Each structure stands twice: as structure tokens, then as C-alpha cells.
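J.: could you look at this predicted model? Sequence included:
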Amino acid sequence: MILNSSTNNDMQRETNMTDHQFVISLMVFLVSYAVFEVPSNMLLKKLRPSRWLAFLMFCWGAMTILTAATNNFGSVTAVRFLLGVFEAGLFPGLVYYLTFWYKHDERSVRVAFILASATLAGAFGGAIAYGIGHMNGTAGLSGWRWLFIIEGIPSCLAAFLVLFFLPDYPERAKWLSEAEKDMAIHRLYYEGSKESHPTMNWAEAKETLMDWRLYAHYAIYFASGPAFASLSLFAPSITVGLGYFDLKAQLMTVPPWAIAYVCQVLVAWSADHFNARGVHTAMAAAVGAIGFIISAALPADAYAARYGGLIMATAGSFACMPPMLGWLSSNVFTTASTGLAIALNVSLGGGIGQIPGVWIYQTSQREGGFTTGHWVNAALLLFVSVVALGLRMFYGWKNRQLREYAESRAVPYRCYKL
């Protein structure tokens, strides 16, 4: 939105979009993203992960490149909608894919690396945008058009690597010996998803949809969505409100993303190691809330302190997400239900939950420091903290009940992850 704005070559001006139209074009992506996540996750197991993920990657890379050819509100909106359709399956698909390979207490840190890769891309994206901004006018194309072309090509190329080299399931991995395949399958006997398990039937779908405790997971992931969307889409605009402009504003988005990357990995590792996903979710969300409160409460000209608040907000908002996803996938016990629950969770948080984040940062509030957006995100992250702690207490109570029942009858039992 702001790349090369000082020379009037930014995306919004060249496509002749109003502020309202620009926000709608952002929101349309989230709508299609939310709608297509559940069917995409169902297709992943039916069509095999390597094939489906490769198809999605190539298509969204193509849509990214095609964005460079847009020239009005209609074309931008149409391409953004299709981008959401194809990108919808990636993140829930990868989280679901991990359940075929890793045990419950091994997942959060793997999810963190997936999310942290997006965070790292945000850090590099700011630096790349800074560099590409200097290509403005090269071959008659504006900098923002070059940005979409250059960022779309690697996705198209990487799709072929995924197609030919991503192993679908442990039992199909060509680089494992038969003994290693048996060991991989055996260690996941009680905890992992299985290729041999049947696909979703109505009874399993109904049981998953009627499990009320899962809606507490969906609620906290939904509440984390606006902060993720706001920071992902408007970080350059927020840094403009901190006294930086044009290409320098892009460059100043790098430190918050880089610090968030480290925090995501460390928090996820600790959550798995100590079997304390609820507490880690609550603590990280609280840090994010404090960062937003600092950004909202301080005077608009307190640039340095508010930039520190932005770093805290980014680190906390992003670090609370891997434990949430690992927690959910660890507390759903069948292959089909896991796929549906993960897709619903990411659909609500990654799609619908992000829509408010598109609207709460209005350009008219830039000079005042975007206080409305900061306060809304702070309140939602505090909600995440409270509900996560409540869910942790609930699972602790359920585990005590299960233990007492099993010990009184000398039968095996499975505890919920905390």
C-alpha cells in the first residue's frame, strides 16, 4: 500500500482504489480463505499431501504474479479472492500433515517453525520490499508490481520440489528402511493420524462438531486472528505512524518480525517440553496485549516507546499461536476428526477471525497512532489469556476424573494435554 507512495507509484493510487475499496480487497481474501479451508483439508488426505500441497502452491504463486497485472478495484478483488481459495489449504494442511509424522508432545515446535517461517518471511519481506522499491520504473513497471512478480515465482518453482520430494506418510517414505517404517508407525500407534484410517464420515463429523470444548479452542484462536491480520497487513502503515516514511517504513518492519520469529520457536519448544501449552498461550497473549496497550496509551509522538510496544505486540501475538494449534491437535484423537478440527480452527482464526483486523486500522487514525486498533487487539488478547487459563484448568480437572476412574477399574486411560 505504501511502497513508493512518495512518488505516487503505490498500489492503491495506480489501481485507483479508495481507502474503503482497498480494505474490501484485503477482506475478500480472508473470506475465501475461511470458506475453503475445511474442504481443502479433506482433499489433502484423499489426494495425498504431496500432490495437493504442490497444486495449491503453484496456483497461489500464479495468483501472486497475476496481481502485478491488476489495474482497478475489480481485478484486484478477483485475484485476491482466488489467492485466498488456493492459499486456504496450506497452513491447516501442513498442521494436519504433521499429525501423520509426530507425536503430541512433538508438534507445537514444528507448528512454530511453520508459523515462524511466515514471520521470518515478514522480516525478509520488509527488507525485500525496501530493495525492490528501488526498482520502481524498471522496464516500465512500478515497484509494487515487481514485488508481486518476484515473490510469486519462488512459490511456483517450489511446488515442483514438493510434488517430487515431499514424503506423504511414514509407510510411503522411500528413504526409510522397512524397520524404520515399522518403528515410525509403531510410535504413532496411539497418538498420530494414519493413512489407513478411513476418511471423514457423518458420525465422526457430528461428534467433532458437537464437542463443546473444541469451541473454546476455536474462540481463542479466533480472538488472536485480528492481531495477526493487523500486523501482517498494516505493519508498514503502523511504522509510518511512528515517524518513518515510504521505504524506511518498510525497513523498520524487520526488527519486530525477526524478534517474533525467535519468540515463536522458544515459546513453542517450552510449551511442548513442559506440557504447558495453556499457560504458554496465556503468557504470550498477555505480552502481546501489553504491547498494544503501550502503543495505544502513550502520546502519538512517543515514537521510540511506541516502537518498543509494537515489538512486544508482534512477539506476543505471534508466539501465542503455535501452542494453541499444538494444543488442539493433541487433544483430538482420530485421524478424520483431527483434520476437521484443525481446518475449523484455522478457518475461524485464520480467516473469519482476521476480518476485524482489516477494518480496525483506519488510515484516518494514522497521525493519532491507530489507537482504536491497538485497544481492540489488546482486549482480544487479554480474552485469549483468560480463556486459555480456564481451558487449562478444565483439562486438569478432566484428567483427575479420568485417572480416578481408570485406577478404580484398573483400565488404561489417555490424559488430555495441558
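T.: Good, I have the coordinates. It should be emphasised that the depicted structure is a prediction, and the values quoted were computed from it without experimental measurement.
J.: go ahead and confirm Ala88 touches Gly351.
T.: Yes - with contact taken as C-beta atoms under 8 Å, Ala88 and Gly351 are classed as touching, separated by 7.3 Å. Where C-beta positions appear, they are placed from N, C-alpha and C, glycine not excepted.
J.: among these two, which residue is more densely surrounded?
T.: Between Ala88 and Gly351, counted using other C-beta atoms under 10 Å, the more crowded position is Ala88 (29 against 24).
J.: show me the contacts for that one.
T.: 32-37, 40, 347, 351 (C-beta atoms under 8 Å, 6 or more residues apart in numbering).
J.: ditto for Asp19
T.: For Asp19, the contacting residues are 12, 362-363, taking C-beta under 8 Å, 6+ apart as the criterion.
J.: how many neighbours does Val279 have?
T.: 18.
J.: restricted to strands, list the contacts of Asp19.
T.: Of those, none are assigned to strands by DSSP state E.
J.: so which of those residues is the most crowded?
T.: For those, neighbours were counted by other C-beta under 10 Å; the highest total belongs to Gln12, with 18 neighbours.
J.: quick check: it touching Phe22?
T.: Yes - at 5.2 Å, Gln12 counts as touching Phe22 under the criterion of C-beta under 8 Å.
J.: what about Ile238, which helix or strand?
T.: When elements are assigned from DSSP states H and E, Ile238 belongs to helix 212-240.
J.: buried sites along that helix?
T.: Neighbour-count burial for helix 212-240, with 16 or more other C-beta atoms under 10 Å as criterion, is recorded at 214, 217-240.
J.: next: stretch 201-211.
T.: Neighbour-count burial for stretch 201-211, with 16+ other C-beta under 10 Å as criterion, is recorded at 204, 208.
J.: stretch 366-378 now?
T.: When burial is assessed from 16+ other C-beta under 10 Å, stretch 366-378 yields the following buried residues: 366, 369-370, 373-378.
J.: ok, stretch 392-410 next?
T.: Neighbour-count burial for stretch 392-410, with 16+ other C-beta under 10 Å as criterion, is recorded at 392, 395, 399.
J.: leaving out sequence neighbours, find the closest residue to the second one.
T.: Sequence neighbours aside, Tyr416 is the residue nearest to Tyr395 in space, at 4.3 Å (criterion: C-beta to C-beta, 6 or more residues apart in numbering).
J.: I figured the one you found was touching Trp397, is that so?
T.: No - taking contacts as C-beta under 8 Å, Tyr416 lies outside contact range of Trp397: 9.9 Å.
J.: what residues are shared contacts of these two?
T.: Residues touching both Tyr416 and Trp397 (C-beta under 8 Å, 6+ apart): there are none.
J.: so, low pLDDT: which residues of the stretch 301-418 of the chain?
T.: Low-confidence segments of the stretch 301-418 of the chain, defined by pLDDT under 70, are located at 335-336, 349-350.
J.: please enumerate the helices of it.
T.: Using DSSP state H, counting those that start in this stretch, the helices assigned to the stretch 301-418 of the chain run over residues 303-319, 321-330, 335-346, 355-359, 371-409.
J.: which SSE is Glu41 in?
T.: Let me fix one detail, which is that residue 41 is Asn and not Glu. Secondary-structure assignment from DSSP H and E places Asn41 in helix 37-47.
J.: and the angle from the helix or strand that that helix is followed by to helix 37-47?
T.: Past helix 37-47, heading to the C-terminal end, the next element that is a helix or strand (DSSP H and E) is helix 49-67. Calculated by axes from the mean of the first three to the mean of the last three C-alpha atoms, to 10 degrees, helix 49-67 forms an angle of 130 degrees with helix 37-47.
J.: and Asp10, how far from Met393?
T.: Look at Asp10 and Met393: by C-beta to C-beta, to the nearest Å, they are 49 Å apart.
J.: just Trp60 next, same as before
T.: On the measure of C-beta to C-beta, Trp60 and Met393 end up 40 Å apart.
J.: for Ala406, give me its contacts.
T.: 412-413.
J.: next one: Tyr244
T.: Contacts were defined as C-beta under 8 Å, 6+ apart; by that measure Tyr244 touches 251-252.
J.: if we use 7 Å, what do you get?
T.: With contacts defined as C-beta atoms under 7 Å, 6 or more residues apart in numbering, Tyr244 is in contact with Met252.
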